[in-house]
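K.L.:
Give me a model of this one.
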Amino acid sequence: MKKIIVLPVFSFILLSCPLKDDRYLHINPGLYNLSGINTEADDYNAAPPPHFYYAQHIIYSTNYGLSGSDFDIWEASIRFEIDYPGSYDGGEETVTLSEAYIINSRIGPYLDGIYNSEYTEYGPYILDTYSELFHINYQTDEVLTDPEILYLLASNRPDGGDFDIYFINQQGDELSSFCGNSDYDDYYPTYHKSTGTLYFSSNRPGNDDIFAYANPEAKPIEEFLNDAVNADALSVPPGLNTESNERCPFIAGDIMVFVSDTAGSFDIYYSIYRDGVWTAPVNMDEIYPGINTSSDEYRPSLFRAYYNDRTDDNDVLIFSSNRDGGAGGFDLYLCILPADAFE
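P.N.:
Predicted coordinates:
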């Protein structure tokens, strides 16, 4: 028996789900070229929504249709379709999942005139300012927890240093500059909710390292990002950086993914926040062998994709790579990781 589950689209909604013990579908890990999004230009720096359910829109950086050094933020859609065989045993259906099919397509520039400019926009990041999950009333489709979304990015606009971090909320009509910017390149912001800390990469000075900007007074995020610079709030988290370049941190829950060229080309690594510290970085090949190559893997982003009440929740990684076999330049790839990959 073959069943097709075509998954509908919701925006920034995560449904409440039963315990994992009640599920009996298991999604096979897989690596997918997002060929419906990729072009012959450079397509990278993808950011998923804070919560991913069935299908969503992502935003990413591309120089498609632009000069090679100029990048804008574009929007694209990703949808999962699941094809699995099933069998019956004593009247009870037991199903082993075969593959997930990734339907993806690019949509176009995102928030032109606000997000995009005549300069370069890198590394978009979408942050919801609520700590709890979103739920929906099945009878009325009412969102029971209204998400407040904050967008962050980096740009080399002339009002700052080289690359600076900017942010804007859903209702905003112009970007605000992060108070912790420097005269060096500051980019790829990400937020760790458990500790109220903004992480980003910067070359201040020398190689690119990952920096942390703390919010010890637990101020609202926009107020914290607007505060005057407090030297005591800026730190270099121990154990993450090397004498090489560490870039593009992205945090989902207590898991940080980032890239480092300590082995030559840029590869993806992960670290887990445990007992008040980040664990020693681990090459992502330990979870999904072959995800790193001799080419560059860049700006990973991580999210948990919830399908339905009979499946595992799989961690999903989107990243870019200039490996052979793509459309040209850097292309976007999606990797469904094994269930409980980080446990």
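K.L.:
If you tally nearby residues, what's the number for the closest residue in space to residue 323 that isn't next to it in sequence?
P.N.:
Leaving aside its chain neighbours, residue 323 sits nearest to residue 295 (4.1 Å; criterion: C-beta to C-beta, 6 or more residues apart in numbering). For the C-beta atoms, the positions are set from N, CA and C on the backbone; glycine is no exception. Around residue 295 there are 15 other residues, counting by other C-beta atoms under 10 Å.
K.L.:
Just the pLDDT at residue 295, thanks.
P.N.:
Looking at residue 295, its pLDDT is 97.
K.L.:
Surely it and residue 325 touch.
P.N.:
No: applying C-beta atoms under 8 Å as the test, residue 295 and residue 325 come out as separate, 10.1 Å apart.
K.L.:
Spell out which helix or strand contains the residue nearest the centre of the chain, please.
P.N.:
Nearest to the geometric centre of the chain sits residue 301, at 2.8 Å (C-alpha atoms, centre = their mean). Per DSSP states H and E, residue 301 falls inside strand 297-306.
K.L.:
strand partners of that strand, parallel vs antiparallel please.
P.N.:
Strand 297-306 has its sheet partners listed here by DSSP bridges as strand 52-53 (parallel), strand 314-321 (antiparallel).
K.L.:
Among those strands, show me which one is buried the most.
P.N.:
Among the strands paired with strand 297-306, judged by mean count of other C-beta atoms under 10 Å, the one packed with the most neighbours on average is strand 314-321 (a mean of 26).
K.L.:
Let's test this: mean pLDDT of that one, rounded?
P.N.:
Mean per-residue pLDDT for strand 314-321: 92.
K.L.:
Just the C-alphas of it, formatted as PDB.
P.N.:
Output of strand 314-321 as PDB, limited to C-alpha atoms (Å, rounded to 0.1, in the frame of the first residue of the first chain):
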ATOM      1  CA  ASN A 314      13.400  15.500  12.700                       C
ATOM      2  CA  ASP A 315      16.000  18.200  13.000                       C
ATOM      3  CA  VAL A 316      16.500  19.700   9.500                       C
ATOM      4  CA  LEU A 317      19.600  21.600   8.400                       C
ATOM      5  CA  ILE A 318      19.700  24.100   5.500                       C
ATOM      6  CA  PHE A 319      23.200  25.200   4.400                       C
ATOM      7  CA  SER A 320      25.000  26.400   1.300                       C
ATOM      8  CA  SER A 321      27.900  24.800  -0.600                       C
END
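K.L.:
Now do it: distance to the chain's middle.
P.N.:
8 Å (C-alpha atoms, centre = their mean, to the nearest Å).
K.L.:
can you give me the angle the helix or strand that it is followed by makes with strand 314-321?
P.N.:
Of the helices and strands lying after strand 314-321 in sequence (DSSP H and E), the nearest is strand 331-336. Using axes from the mean of the first three to the mean of the last three C-alpha atoms, to 10 degrees, the inter-axis angle of strand 331-336 relative to strand 314-321 is 160 degrees.
K.L.:
who's in contact with strand 331-336?
P.N.:
Contacts of strand 331-336 with the rest of the structure, by C-beta atoms under 8 Å, 6 or more residues apart in numbering, involve 27-34, 37-38, 43-44, 46, 60, 78, 100, 102, 104, 288, 291, 305, 314, 316-323.
K.L.:
give me every residue that touches residue 159.
P.N.:
Counting by C-beta under 8 Å, 6+ apart, residue 159 makes contact with residue 177.
K.L.:
after the helix or strand containing residue 188 comes which helix or strand?
P.N.:
In this assignment (DSSP H and E), residue 188 forms part of strand 186-192. Going down the chain from strand 186-192, the next helix or strand is strand 197-202, by DSSP H and E.
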